[in-house]
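> Below are the sequence and a predicted model for it; my questions follow.
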Amino acid sequence: MSVNPDSEKITICLGADRRFAFPLAVTLSSIRTSQVPDRCRVFIFGEGYDEQSRAAVEKSIDGPLDITWFDTKDFSLGSVRLPWPDVVTKATCFRLMMPSFLPPGTERIIYIDCDTVVCSSLEELWATPLAEEQFVGAVYDAFVPWAGAPSGTAWRELGLPPATPYFNAGVMVIPVARWLAEDIGPRAVKLMNERELIYMDQCALNALFCGRWRSVHPKWNLQTPHMNSWHFGWVLYGEKEMQEAFDAPAIIHYSSGDTKPWLSGKHELSHKWYQALDQTIWKGWRPVPAEDGANIILPQL
């Protein structure tokens, strides 16, 4: 499946509950500043936002962007199993149900996590060709690139060959009709509730697709393990492509723990996130731990 890059606006989907409003605003800021004006439309699937907080998010990015909000109270996620509820919330599963709520005629979307910054045009990613049997375009997970890798998914329980390629779900090109025809969202939720999956919906999607996905250039999802050498990118992509990703990342994914830039400046590319932050109403804000050791206080909308 290929698309005419000019047939419709680049359609970007994001998901975040109210607690993630600040990083969401920074990701939106990076989209606004990196894309051609009026070329993109953004759908935000949120939980806990009222009209005032939605308006505050949009105002915070300090510039025009075509944004439509959806309330995830209409999603049929039920009591979805969350192995680490204090670390990863139900909001990560919003991406499973997004295709069901999009306007009729939407051919594909680019889904992007909200612990990211978009650094360059998404045109190339948007035009990614997908074969008939492929359900998603994505980047190998840097830490777990195969189902049977150490710390990988429960491949035996899921009936997967251990060498099954395993992608990171933080950035995905999704062919909407194909997902809907195969009932991917509800099937993934069912699988999560039947199995204890360490990476939750990411494991469920990889199990359902069983390698039927297209690998895209690592620059589209440069993950934290890529930066700290806990990755297999040099083998999977080769020296040329990995070096290109390091030199000119298109999407930086702050995917691990305390290296998220709103918690610390430990990540080697934190400055990219702060550049996007400085295009919002919080220009100049940086994380400063409280003297009493309490958690960092994030800006309020």
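Arrived safely. Numbers count the residues shown, from 1 in each chain.
> give me the low-pLDDT residue ranges for the stretch 151-300 of the chain?
290-294 (pLDDT under 70).
> a strand runs through residue 138, doesn't it?
Yes. With DSSP: H, G, I helix; E, B strand; the rest coil as the criterion, residue 138 is assigned to a strand.
> Tell me, how many residues neighbour the closest residue in space to residue 133 that isn't next to it in sequence?
The shortest distance from residue 133 to any non-neighbouring residue, by Cβ to Cβ, 6 or more residues apart in numbering, is to residue 212 (5.1 Å). To be clear about C-beta, it is placed using only N, CA and C from the backbone, and glycine gets the same treatment. By the criterion of other Cβ atoms under 10 Å, residue 212 has 14 neighbours.
> For residue 70, see how far away residue 212 is.
According to Cβ to Cβ, to the nearest Å, residue 212 stands 28 Å off from residue 70.
> ditto for residue 128
24 Å.
> Need the per-residue pLDDT for the spatially most central residue of the chain.
Closest residue to the average C-alpha location of the chain: residue 113 at 2.4 Å, with Cα atoms, centre = their mean. pLDDT for residue 113: 96.
> Remind me what the top helix by length along the chain packs against, helices and strands.
In the chain, assigned by DSSP state H, the helix with the most residues is helix 21-34. Counting contacts by 3 or more Cβ pairs under 8 Å, 6 or more residues apart in numbering; DSSP states H and E, helix 21-34 packs against strand 10-17, strand 40-47, helix 51-60, strand 116-118, helix 270-277.
> now, of these, which is deepest in the fold?
The highest average neighbour count among those, using mean count of other Cβ atoms under 10 Å, belongs to strand 116-118 at a mean of 27.
> Paired strands for that one, with orientation please.
strand 251-253 (antiparallel) (DSSP bridges).
> now the helices and strands packed on helix 21-34 as TSV including distance to residue 167?
Putting the helices and strands packed on helix 21-34 into TSV (distance: least, Cβ to Cβ, whole Å) gives the following:
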stretch	distance to residue 167
strand 10-17	17
strand 40-47	21
helix 51-60	29
strand 116-118	15
helix 270-277	23
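> Residue 92 is nearest to which of the ones you listed?
strand 10-17 (7.5 Å; Cβ to Cβ).
> chain center to stretch 163-182: distance?
Chain-centre distance of stretch 163-182: 12 Å, with Cα atoms, centre = their mean, to the nearest Å.
> re earlier: next, the angle from the longest helix of the chain to helix 51-60.
Here helix 21-34 points in a direction 40 degrees away from that of helix 51-60 (axes from the mean of the first three to the mean of the last three Cα atoms, to 10 degrees).
> Count the neighbours of residue 121 for me.
Residue 121, neighbours per other Cβ under 10 Å, totals 15.
> follow-up on the earlier one: what angle separates the longest helix of the chain from strand 10-17?
Going by the same axes, to 10 degrees, helix 21-34 makes 170 degrees with strand 10-17.
> what residues does helix 21-34 touch?
12, 14, 16, 40, 42, 44, 46, 49, 53, 56-57, 60-65, 67, 112, 114-122, 260, 262, 273, 276-277, 279-280, 282, 298-299, 301 (Cβ atoms under 8 Å, 6 or more residues apart in numbering).
> switch the cut-off to 6 Å
16, 57, 60-61, 63, 65, 114-120, 262, 276-277, 279-280, 298-299, 301 (Cβ atoms under 6 Å, 6 or more residues apart in numbering).
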